[in-house]
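Can you look at this prediction? I've put the sequence above it.
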Amino acid sequence: MEQPLYLIPLFPLIGFLLNGLLLGRLGKKTISFIACTSVGLSFLFGLKFFFDLLSLPDTARIIENVFFTWIPAGQFHVNVAFLLDPLSAVMVLVVSGVSFIIHIYSIGYMHDDAGYGRYFTYLNLFVFSMLMLVLADNYLLMFVGWEGVGLCSYLLIGFWFEKKSASDAGKKAFIVNRIGDFGFLLGMFIIFWQTGSLDFKTALDPAVAHSVFAVGGGMITAATLLMFLGATGKSAQIPLYVWLPDAMEGPTPVSALIHAATMVTAGVYMIARSNVLYMMAPATMAVVAIVGVATAIFAGSIALAQNDIKRVLAYSTVSQLGYMFTACGVAAFSAGIFHLMTHAFFKALLFLGSGSVIHAMAGQQDMRYMGGLKKRMPITFWTFLIATLAITGIPGLSGFFSKDEILWKSFSSDYGSIWIWLIGLITAGMTAFYMFRLVFLTFYGEERMDSHTREHLHESPKVMTVPLSILAVLSVIGGYVGIPHILGGDNRFEKFLEPVMKGVHHSVEGEHALASAAHNGSTELILMVGSVVLVAVFIYLAYHFYIKNIAAAGKLRQRFSGLHKIIYGKYFVDELYNAVIVQPLVVGSKFLWKIFDVLIIDGFINGMAVIIGDMSTGLRPAQSGILRTYTTIFLVGVIVILGIVLIFG
Amino acid sequence: MIPIGHFLILSAMLFAVGAAGVIISRNLLIMLMSIELMLNAANLAIIAFSRMNNIVDGHVFVFIVFAVAAAEAAVGLAIIIMIFRNRESINADNFSLLKR
């Protein structure tokens, strides 16, 4: 089916151009009107096309729109073309919907900022790029969006560029992402080299893929691993996760939108999109699962000891992204996307809630100076609590369904193992602990801020609390689209995505076994209850340490002071990277600059100039300007030449 | 009949006088005249060879040289007059503006 899909990304582009070109000439009201309306229109068109998609029969749910031919060069043919299938439809709705809510919220949050117009310009450009990324029907156009969101991420992290730490964080994000992008590009080259096309329709057709790649062969493993490197950069996985915690230097709505809900999930989307290729490379799948689950527990443990409210959430994001990759790695792509969606709701809500807190605290982000905000900011508190319950996986809220789906799949899938499940489970416990630690430190207990801040405390304006409430509702109900079979649902979300996950159904006969396992499994129920109990225990622990018996937390910290120091210092990964990668590069560059460039290259060029200059000075007296001298020399020359000819000729 | 050697010696002497005039004299007018002298020394040599070999080609050449010399003298004199009008001098040593 053909529909004008370009309408979805068009409006944010128009908003970007309007706000960008008329920067400094528009009033704040006009700016926010343009920005919010454009994203809202995107969302509405997304909804329209989503319903068009739903009206099609299950197997034919694809809407295409070839906008124009971009690069026609012999064999290499790339269109600017859009593709809406169930997967990209989910992404489009999540991206434009959450973006719209966060745009509204930003009106309140950024109200007094001098860079108001610039902020919304960047935000619109981001939405445009992100929609290009998820709507693209080939890898190259996807890469355009991929780079576009990277650029916007850089611009918005360094939004307050007068602050050195912010501009440094922006650069760090950009450079770390470049490393990943290089992997993505190389992976793309291999795919084009082997299949002769970058279109999803061709390159990701199981028949084509199976005809050019051997299952488990070196070429497919290399391609998928390289693309996974790209995903680790964009989605902040080990080893390239280091930029995301620093990215919290940007405005909080940006952290919510780009660094929690949408952009960082691009890697998950890309892998789910390429599931046909990934399913053909079991080695890569194992790497994805292991990296995912390792990142989940690694980042989760760092979050246990951080004091900055946004940093806790940042590490939590890294950890949750790890869950999504774990899901992809155990061939449960739908579960990964499901968690991506629910995570977008509750993590955006958590960030916006923390933004509301920071707003009230006049910029203070350290939880040690908060406390007791429950009564001061009731709406923020309740919405925040809902999101916390959702992320910890309390039954009935969205996070429960998606997280348990992942845990169950990592236990039961042919690609999973009990170890992955166990680590995932421990991470779920950690999540419960650090999230409730955050809630207790921020909203309960005594008020630890100074008196000036205390007087200033206030609930945020409606323009901020209404978005919070909407996201809270979504955080609760978001999970009901994918109720697992075991709880009497029929997992409509997974069914909806099934046509896209061709790789899973093409190659794995085990899928049927897996489905039947899901049906007969009382195991699933036991695991589910087990994880809920574990989460409850950890919530109680947090309650014990941060409300009931505050002194115990201090004692515990002292007893394990070495461990605490390591975790508080984020395992010193930044320091390690600095010593192993950054410093050698700096030293090498200094050598090239001071020795090679200044001494050798400059020396050579300057030396040539000096030699020629000296020679000219030596020869200049010959040009006396006196006619008779010239004539004499001329005559003598003629005589000498004639003499030579006469004598030797 | 006068042997060819005599002509050539005379020609060489005239040429030497002309060359010396160009080199020694500082007066532009004299330098121009010396150049004419050198041209005519060359003409003399050409005529002598032409006569020795009984070929008229040499005569033709000499006429061309005359024409060129006349033209050259006209242009040269014009330049000298202009220089004199501007600088009130025709001393070649004063005109070394191109030195630097």
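Done, it's in. Note that this is a predicted model, so its numbers are computed, not measured.

and the residue of the stretch 451-600 of chain A found nearest chain B, what pLDDT?
Nearest residue of the stretch 451-600 of chain A to chain B, counting by CB to the nearest CB: residue A:598, 34.7 Å away. All C-beta atoms are positioned from the backbone trio N, CA, C, and that covers glycine. The model reports residue A:598 with a pLDDT of 89.

How about residue A:500?
Predicted confidence (pLDDT) at residue A:500: the value is 87.

would you list every one of the helices in the stretch 301-450 of chain A?
Assigned by DSSP state H, counting those that start in this stretch, the stretch 301-450 of chain A shows helices spanning A:309-329, A:333-360, A:373-376, A:378-392, A:398-412, A:418-443.

Now find how far off-centre the shortest one is within its chain.
Computed by CA atoms, centre = their mean, to the nearest Å, the separation of helix A:373-376 from the middle of its chain amounts to 32 Å.

again, but for stretch A:423-437
Centre-to-centre, stretch A:423-437 and its host chain are 22 Å apart (CA atoms, centre = their mean).

Send over the helix or strand where residue A:536 lies as CSV, restricted to the C-alpha atoms.
Following DSSP states H and E, one finds residue A:536 within helix A:522-543. The C-alpha coordinates for helix A:522-543 follow below in CSV (Å, rounded to 0.1, in the frame of the first residue of the first chain):
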residue,chain,number,x,y,z
SER,A,522,4.1,-23.5,35.3
THR,A,523,7.8,-22.7,35.3
GLU,A,524,7.0,-19.3,33.9
LEU,A,525,4.6,-18.5,36.7
ILE,A,526,7.1,-19.6,39.3
LEU,A,527,9.9,-17.5,37.8
MET,A,528,7.5,-14.5,37.7
VAL,A,529,6.5,-14.9,41.3
GLY,A,530,10.1,-15.3,42.2
SER,A,531,11.2,-12.1,40.5
VAL,A,532,8.3,-10.2,42.1
VAL,A,533,9.3,-11.5,45.6
LEU,A,534,12.9,-10.6,45.0
VAL,A,535,11.9,-7.1,43.9
ALA,A,536,9.8,-6.7,47.0
VAL,A,537,12.7,-7.8,49.2
PHE,A,538,15.0,-5.2,47.7
ILE,A,539,12.3,-2.5,48.1
TYR,A,540,12.2,-3.5,51.7
LEU,A,541,15.9,-3.3,51.9
ALA,A,542,15.9,0.2,50.5
TYR,A,543,13.2,1.1,53.0
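
what's that helix in contact with?
Defining contact as CB atoms under 8 Å, 6 or more residues apart in numbering or on different chains, one finds that helix A:522-543 is touched by A:392-395, A:400, A:403-404, A:407-408, A:411-412, A:421, A:425, A:428-434, A:436-437, A:440, A:484, A:486, A:517-518.

ok, and which of those residues reach chain B?
Among the contacts of helix A:522-543, none lies close to chain B by the criterion of CB under 8 Å from any CB of the partner chain.

Return the members of the residues you listed classed as buried.
Buried subset of those (neighbour count, 16 or more other CB atoms under 10 Å in any protein chain shown): A:392-394, A:400, A:403-404, A:407-408, A:411-412, A:421, A:425, A:428-434, A:436-437, A:440, A:484, A:486, A:517-518.

Establish whether the biggest helix by length in chain B and chain A are in contact.
Identified as the longest helix of chain B according to DSSP state H is helix B:57-87. No - judged by CB under 8 Å from any CB, helix B:57-87 makes no contact with chain A; its nearest approach is 12.0 Å.

can you pull the buried residues of that helix?
Residues of helix B:57-87 classed as buried under the neighbour-count rule (16+ other CB under 10 Å) are B:58, B:61, B:62, B:65, B:69, B:76, B:80, B:83.

I figured residue A:141 was touching residue A:80, is that so?
Yes - using CB atoms under 8 Å, residue A:141 is in contact with residue A:80, at 6.1 Å.

neighbour-wise, which of these two wins?
Under the criterion of other CB atoms under 10 Å in any protein chain shown, the comparison of residue A:141 against residue A:80 puts residue A:141 first, with 24 against 19.

what about that one, which SS state?
Secondary structure, DSSP: H, G, I helix; E, B strand; the rest coil: residue A:141 is helix.

Check residue A:82 too.
Once three-state DSSP is applied, residue A:82 turns out strand.

remind me which residues of chain B are low pLDDT?
B:98-100 (pLDDT under 70).

In stretch A:12-28, which residues are buried?
For stretch A:12-28, a neighbour-count test (16+ other CB under 10 Å) marks A:12, A:13, A:14, A:15, A:16, A:17, A:18, A:19, A:26 as buried.

Please list the members of those that lie in helices.
A:12, A:13, A:14, A:15, A:16, A:17, A:18, A:19.

and residue A:118, how many residues sit next to it?
Per other CB under 10 Å, the neighbour tally for residue A:118 reads 18.
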